[in-house]
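Undergrad: here is a sequence together with a model predicted from it:
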Amino acid sequence: MFVDHTTIRRRALKIVPALIKVFRGRKRPEGKSWRMDETYIKVRGYWKYPYRAVDRDGDTVDFLLTTRRDEAAARRFLARAIDQHGQPEKITIDRTGVNTAAIDSYNAAHDADIELRQCKYLNNIV
């Protein structure tokens, strides 16, 4: 039996959103203390910036790969992580200004009270 690769791709595009919904529903709840960081990697010759948040157990809360390393990308990542997993009580970051500005703007826009801790060594779990 011959199946073309485009057929598999079309079926995957239909099935994957349903699988994501099921798997996210079964995922255990995240902790109320997150560690957030971003770094840079080279993908196919271009620099990309992965943002990642983990809970206190080291389990990944959310992940975002962007082409820019700016406040808008950090805000988008933070808002998506909070929408999908709930608002944390504390977020530990290193001393980057982008993440600080993103958390401060989220707190101001949503009248939230997320505690911000900046310590490079507590963030090593990420």
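TA: It's in. Numbers count the residues shown, from 1 in each chain.
Undergrad: every contact and neighbour count from this point should use C-alpha atoms.
TA: Will do.
Undergrad: and Arg117, what helix or strand is that in?
TA: strand 115-118 (DSSP states H and E).
Undergrad: list the buried ones in that strand?
TA: By neighbour count on 16 or more other C-alpha atoms under 10 Å, the buried set for strand 115-118 is Arg117.
Undergrad: please export the C-alpha coordinates of that strand as CSV.
TA: Written as CSV, here are the backbone C-alpha positions of strand 115-118 (Å, rounded to 0.1, in the frame of the first residue of the first chain):
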residue,chain,number,x,y,z
GLU,A,115,6.4,38.1,42.9
LEU,A,116,9.6,38.6,40.9
ARG,A,117,12.9,37.2,42.1
GLN,A,118,16.1,37.9,40.3
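Undergrad: next, count neighbours for Tyr40.
TA: 15 (other C-alpha atoms under 10 Å).
Undergrad: skipping adjacent residues, who's closest to it in space?
TA: Leaving aside its sequence neighbours, Tyr40 sits nearest to Tyr49 (C-alpha to C-alpha, 6 or more residues apart in numbering; 4.5 Å).
Undergrad: good, we can wrap up now.
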